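Undergrad: Here's a sequence, model it:
(chains A and B)
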Amino acid sequence: MGEEILRIEDLHVSVDETPILNGMSLTINRGEIHVIMGRNGAGKSTLASVIMGHPAYEITKGSIHYMGANIEEMSVFERARAGMFLSFQYPAVIPGVQVGTFLKKSVQSVRDEPLKGREFRKELNAAMKTLEMQKSVLSRYVNDGFSGGEKKRLEMLQMLLLQPTLALLDETDSGLDIDALRIVAKGINSVAPQAGSLIITHYQRLLDHVQPHHVHVMIDGVIVESGGPELALKLEEQGYEWLEAPKEA
Amino acid sequence: MKYADMAVPSRALHLWRYTPWARIHPSKVDVVPEATGVRFNVVEGGELVGGAPRIVNAEDIGRVFLSELGGTATTFETNGTSDVVHLRAVASGHVAVGHLHLSLKHDVAVMLHLSGEADWTGLHITGEVGANVRAGFGLVNELASNGKFLHCEDWSIARDANLELAGLSIGGFRCKSDIRSRFTGSGAALTQAISVHGVEQRHVDHHIEIHHDVPHTDSSLNIHAACDDQSHAIATGLLTIARQANHCDAGQVFKNLLLSEKARAESIPELEVLADEVSAAHGAASAPVDRNQLHYLMSRGLDEETAVALLIEGFMQSGFSSLEHQALVDEMRTRLTVHLECELKR
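TA: Reported below is the predicted structural model:
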């Protein structure tokens, strides 16, 4: 077992006094890929946002430990600099900011050292090649006029460049065609061995390309079932109803 | 008309509502002070010749005043040898005035960088875009941060011509710009983009008039103002489409990014459409920094200050998105980036 990257204990989270997470616990070790599945509104995206430190969410009980330290007081950018990465379900559109400029600033901030132009370009080219991206994307504005697939590829490009210790992927596979899904999976697989990964998804199809170690089902803000990859297949066949029935029945 | 015979314009006119004549005049309104000339020179491409066409029949107090102040008059005329021309204008002394005339008969992008320490700068730019010419003109106002600036522009756009106007306003303490364009031939198009950065108590007032006097002409105006501290940005637009000018397509968009509680922005688009078969639209929006955008950037390791600076840069740069002249866009981006980096270190 790899070293512990993330430990969530009895996490309770509210937004505007509405409870969303109700006692969530989860531990992710280095090299592990965890998948969380669940219906819309189960709290999956909230979990990813809370781990990343979105200010709209209030932790009312429980704790999140990252690399052994409680991160409740850390701001979003400090978490990013500490090696946490969230691939957004709906990445923000930022008109006027070129992708190239943004990537450079981001990588520079996270690495906390001046980038050597030539080395960064080399690194960038390699990552773009892996993701089969055109160089012209670098002069476009961040996510402005991007298709769903292009947005997700840009998220993957950032992940490849930032080389996170914890990768949170919030429905990165939603709305992707087969080719885009394959490319996104390539990005995940290249980062996963060195990191702890948490993939939030609705679909089994991503798991044809990314082999998870643990699959969890979330209902009403708690994990109600955990298993291996076979659990995702069962959910694909049977849906979530069997999990909502009382366990003893 | 002479300046001495003119009445101080009423604040009921929206042209003078937010920056009354007395506030932009260099001294007392009944005085025409001694002025030195703004120094123009060519940094790259083309050459300047002395003299500029006299401004006749001007009825606007600003134009009459600039004309009577005198100063330098110079003309730039294209000869088809340069695609991109960089001009510099430097204003120094108490009152500095210049008139630059641009005669654009070939495809070209002209950039004018205005800088200097003058207490008061007056600049009149007149331009003619020849038939079927694709031209661009960009003005970067980098005047010292404590000076007043009165700026008038008058453009005529001939048949099938395409003019792109870019303005980056990052200098001067109190600035009044009055930019007017008129189509003289059908099939012509104007794309105008202005970005303003307001800091401290900077006051920047743009009045833009676009007159569609002939049919089949298109115009687009985008003004983006990012206002911080106690700054105040004003943009008033007047778009006219004459009765006979059918099949025109015109739009005005004003956007303001408010970065502090005391920053103010006014956007007043105005349309006078007398023709029936036209498309004319306008819109205005003011908002603080978008929290989702900020969160996204911070989730990529940028601290709040850097993230906000990048959003300001993006907001101002996106004002130029409608321009197709890459030289203009690149120049505006470069100047803007340098300016914001200096601001961040301030």
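Undergrad: where does B:Glu128 sit relative to A:Pro193, distance-wise?
TA: For B:Glu128, the distance to A:Pro193 (C-beta to C-beta, to the nearest Å) stands at 66 Å. Every residue, glycine included, has its C-beta placed from N, CA and C.
Undergrad: Comparing the two, which residue is more hemmed in?
TA: B:Glu128 (20 against 11; other C-beta atoms under 10 Å in any protein chain shown).
Undergrad: Let me see the contact set for the more buried one.
TA: Contact analysis of B:Glu128 by C-beta atoms under 8 Å, 6 or more residues apart in numbering or on different chains lists B:Leu102, B:Ser103, B:Leu104, B:Trp155, B:Ser156, B:Ala158.
Undergrad: can you rerun that using 10 Å?
TA: For B:Glu128, the contact set (C-beta atoms under 10 Å, 6 or more residues apart in numbering or on different chains) comprises B:53, B:77, B:101-105, B:135, B:154-158, B:161, B:184.
Undergrad: now B:Glu200
TA: With C-beta under 10 Å, 6+ apart, B:Glu200 has these contacts: B:Ser145, B:Phe173, B:Asp228, B:Asp229, B:Gln230, B:Ser231, B:Arg346.
Undergrad: Would you check that the first one makes contact with B:His203?
TA: No - with contact taken as C-beta atoms under 10 Å, B:Ser145 and B:His203 are classed as non-touching, separated by 11.8 Å.
Undergrad: list residues touching both of those two?
TA: Overlap of the contact sets of B:Ser145 and B:His203 (by C-beta under 10 Å, 6+ apart) consists of B:Gly172, B:Phe173.
Undergrad: what helix or strand is B:Leu328 on?
TA: Per DSSP states H and E, B:Leu328 falls inside helix B:326-345.
Undergrad: Mind giving me the packing neighbours of that helix?
TA: With contacts taken as 3 or more C-beta pairs under 10 Å, 6 or more residues apart in numbering or on different chains; DSSP states H and E, helix B:326-345 sits against strand A:94-98, strand B:84-91, strand B:108-116, strand B:134-143, strand B:162-169, strand B:189-198, helix B:304-318.
Undergrad: Of the contacts of B:Glu128, which ones also sit close to chain A?
TA: Taking C-beta under 10 Å from any C-beta of the partner chain as the test, chain A is in contact with none of these.
Undergrad: from those residues, which ones fall inside strands?
TA: Applying DSSP state E to these, the entries found in strands are B:Glu77, B:His101, B:Leu102, B:Ser103, B:Leu104, B:Ala135, B:Asp154, B:Trp155, B:Ser156, B:Ile157.
Undergrad: could you measure the fourth one against chain A, distance?
TA: Which is B:Ser103. 33 Å (C-beta to the nearest C-beta, to the nearest Å).
Undergrad: Give the full set of residues in contact with that residue.
TA: Counting by C-beta under 10 Å, 6+ apart, B:Ser103 has contacts B:Val49, B:Ala52, B:Pro53, B:Thr75, B:Phe76, B:Glu77, B:Thr78, B:Thr126, B:Gly127, B:Glu128, B:Val129, B:Gly130.
Undergrad: Most neighbours of all those, which one?
TA: B:Val129 (28 neighbours).
Undergrad: Please name the spatially closest residue to it (chain neighbours excluded).
TA: Excluding its sequence neighbours, the residue lying closest to B:Val129 (C-beta to C-beta, 6 or more residues apart in numbering or on different chains) is B:Ala161, at 4.4 Å.
Undergrad: so what's that neighbour up against?
TA: B:104, B:128-135, B:183-185, B:187-190, B:217.
Undergrad: Next: A:Ser174.
TA: So A:Ser174 contacts A:Gln89, A:Tyr90, A:Gly148, A:Lys152, A:Leu181, A:Ile200, A:Thr201, A:His202, A:Tyr203, A:Leu206 (C-beta under 10 Å, 6+ apart).
Undergrad: What does the pLDDT read for the closest residue to chain A within the stretch 1-150 of chain B?
TA: With C-beta to the nearest C-beta, the shortest gap between the stretch 1-150 of chain B and chain A falls at B:Gly138, namely 16.6 Å. With respect to pLDDT, B:Gly138 scores 98.
Undergrad: so it touches B:Phe320, yeah?
TA: Yes - counting by C-beta under 10 Å, B:Gly138 does reach B:Phe320; the two are 9.1 Å apart.
Undergrad: which residues do those two both contact?
TA: Residues touching both B:Gly138 and B:Phe320 (C-beta under 10 Å, 6+ apart): B:Glu164, B:Ala166, B:Gly167, B:Leu168, B:Ala193, B:Leu328, B:Val329, B:Glu331, B:Met332.
Undergrad: Kindly provide the whole-number mean pLDDT of stretch B:171-190.
TA: Per-region confidence: stretch B:171-190 scores 97 on mean pLDDT.
Undergrad: And stretch B:315-324, by the same measure?
TA: The model assigns stretch B:315-324 a mean pLDDT of 95.
Undergrad: okay, that stretch in PDB with CA atoms only?
TA: The C-alpha trace of stretch B:315-324 is given here as PDB (Å, rounded to 0.1, in the frame of the first residue of the first chain):
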ATOM      1  CA  PHE B 315     -11.300  41.500 -19.400                       C
ATOM      2  CA  MET B 316      -9.500  44.400 -21.000                       C
ATOM      3  CA  GLN B 317      -7.900  42.300 -23.600                       C
ATOM      4  CA  SER B 318     -11.200  40.700 -24.600                       C
ATOM      5  CA  GLY B 319     -12.400  44.200 -25.500                       C
ATOM      6  CA  PHE B 320     -10.100  43.800 -28.600                       C
ATOM      7  CA  SER B 321     -11.500  40.400 -29.500                       C
ATOM      8  CA  SER B 322     -13.600  41.900 -32.300                       C
ATOM      9  CA  LEU B 323     -10.500  43.200 -34.100                       C
ATOM     10  CA  GLU B 324      -9.000  41.200 -36.900                       C
END
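Undergrad: Could you look up the SS state of the closest residue to B:Pro20 other than its chain neighbours?
TA: Spatial nearest neighbour of B:Pro20, excluding adjacent residues (C-beta to C-beta, 6+ apart): B:Arg11 at 5.5 Å. Here B:Arg11 is recorded as coil under DSSP: H, G, I helix; E, B strand; the rest coil.
Undergrad: Need the phi and psi values for B:Arg11.
TA: Phi and psi for B:Arg11, reported as degrees, to the nearest 10, are phi -80, psi 0.
Undergrad: what residue ranges in chain A are flagged as low confidence?
TA: A:1, A:245-249 (pLDDT under 70).
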